[in-house]
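Participant: Please work out how this folds:
(one chain, ligands or ions: 1)
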Amino acid sequence: MSGDCIELRRLHRFFGKTKAVDDISFSVPRGHVFGYIGPNGAGKTTSMRILATLDLPSYGDAYIDGFSVVNDPELVRRRLGFMPDAFGTYRDVNCSEYLDFFARANGLVGRQRTQRLAWVLDFTGTRGLADKPIRGLSKGMKQRLCLGRALIHDPAVMILDEPAAGLDPRARIDLRKMIRELADGGKTILISSHILTELAEMCDSVGIIEQGHLLATGSVDGIQRQRAQQRELTIRFLDRIDQAAAQLQTRPGVGKPIMDGHWLRFEFEGEAEEQADLVAWIVGQGFRVTEVVSHKKSLEDVFLQVTEGLVQ
Ligand SMILES: Nc1ncnc2c1ncn2[C@@H]1O[C@H](COP(=O)(O)OP(=O)(O)OP(=O)(O)O)[C@@H](O)[C@H]1O
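Facilitator: Okay, here's the model as predicted:
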């Protein structure tokens with residue numbers, strides 16, 4: 001089978017006057033990792049809970065592997081592994097009991113259950129912890145176990161709510177590897193985060209959400225190209241900085257310059273070639289330039305530019 005494996009169609013979810021999800025549509029092709037990114041209160045968890053059939057939309061629908069979360073929640077659940085952002089309270093059971101419980105809850109029996117359990121313990125690197133109680137586990141190990149729980153019935157689609165939150169860099173790299181491996185094996189994965197850079201490397205595409213709206217969607221490179229043609233240029237002049245500022249403002253692509261001592265800082269729309277031409281032009285006008293610093297907008301700058309930092 002091919003085609004889109006996750007699809008949101010005009011999804012809405014209102015809580016009284018709060019529009020937690022306000023007309024969101026996008027789709028994720030089979031085998032892709034989609035990063036769902038937005039600040040606190042953006043509507044990520046609400047939409048993921050609807051995808052996981054834990055809540056219903058106010059309007060619109062979503063499809064998992066072609067099945068509607070509204071009309072066919074049972075069929076959706078069989079195809080879906082959900083990793084919530086909170087672990088739940090299972091302090092006194094050990095890791096293999098925990099996974100075994102979810103294997104049984106998903107209807108796995110006999111040899112099939114034993115084999116699947118062994119595979120999950122190996123894949124998530126939790127075999128050594130099989131007999132350890134959950135209460136003693138580190139955050140990183142709990143996240144592995146939680147991923148294992150979402151994987152236990154070998155779902156086609158995985159919805160992971162902020163799995164990288166609170167992990168140290170090593171655990172984050174391990175998580176990234178596991179997610180890539182699952183996607184390469186054909187699973188379709190939707191993963192959320194507050195932080196674009198946290199997901200950029202592992203995602204085939206991302207959607208940026210704020211106040212229930214999808215503000216941008218596409219590949220990370222595409223969004224960055226679209227939004228960040230702007231560089232920030234800082235030029236240090238020996239003298240006549242006022243005149244230089246006035247002259248620069250007449251040039252195409254130059255934003256309003258800000259003066260700081262001998263430095264002039266401004267946004268500039270253009271690639272390296274246009275930048276070199278601008279510097280040559282200003283020197284050609286007789287201004288004495290001592291230093292030029294060019295700063296291309298980072299992914300974080302782009303994220304801050306796309307979202308306005310508004311929280312409901
Ligand atoms: N059950 C509920 N009742 C009332 N309001 C809710 C409910 N669930 C979510 N909200 C509101 O909906 C909005 C979106 O919340 P949601 O948890 O989906 O955001 P989020 O992007 O997951 O944020 P975070 O990153 O902080 O988890 C927020 O304003 C939140 O207060």
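
Participant: Which positions in the stretch 151-300 of the chain make contact with the ligand?
Facilitator: For the stretch 151-300 of the chain, the residues found near the ligand under the criterion C-beta under 6 Å from any ligand atom are His194. The way it works is simple: take the backbone N, C-alpha and C, and place the C-beta from them, glycine included.

Participant: Where does the prediction get shaky in the stretch 151-300 of the chain?
Facilitator: Low-confidence segments of the stretch 151-300 of the chain (pLDDT under 70): 225-230, 297-300.

Participant: ok, for the one residue in it that gets nearest to the ligand, nearest residue in space, not its chain neighbours?
Facilitator: Distances between the stretch 151-300 of the chain and the ligand by C-beta to the nearest ligand atom are smallest at His194, namely 5.7 Å. Closest residue to His194 apart from its sequence neighbours, by C-beta to C-beta, 6 or more residues apart in numbering: Pro39 at 6.0 Å.

Participant: same check, this time on Glu267
Facilitator: Glu267 sits nearest to Gly255 (C-beta to C-beta, 6+ apart), 3.4 Å away.

Participant: So that neighbour is in contact with Leu264, correct?
Facilitator: No. Shown here, Gly255 and Leu264 do not form a contact pair, counting by C-beta atoms under 8 Å, at 11.2 Å.

Participant: Run through the helices of the protein in chain order.
Facilitator: Assigned by DSSP state H, the helices in the chain fall at 44-51, 73-79, 95-105, 110-123, 139-151, 169-184, 196-200, 220-227, 241-248, 272-284, 299-306.

Participant: Let me have the ones you listed in JSON lines, adding mean neighbour count as columns.
Facilitator: Converted to JSON lines, the helices of the chain look like this (neighbours: other C-beta atoms under 10 Å):
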{"stretch": "helix 44-51", "mean neighbour count": "23"}
{"stretch": "helix 73-79", "mean neighbour count": "17"}
{"stretch": "helix 95-105", "mean neighbour count": "18"}
{"stretch": "helix 110-123", "mean neighbour count": "15"}
{"stretch": "helix 139-151", "mean neighbour count": "22"}
{"stretch": "helix 169-184", "mean neighbour count": "16"}
{"stretch": "helix 196-200", "mean neighbour count": "20"}
{"stretch": "helix 220-227", "mean neighbour count": "16"}
{"stretch": "helix 241-248", "mean neighbour count": "16"}
{"stretch": "helix 272-284", "mean neighbour count": "13"}
{"stretch": "helix 299-306", "mean neighbour count": "17"}
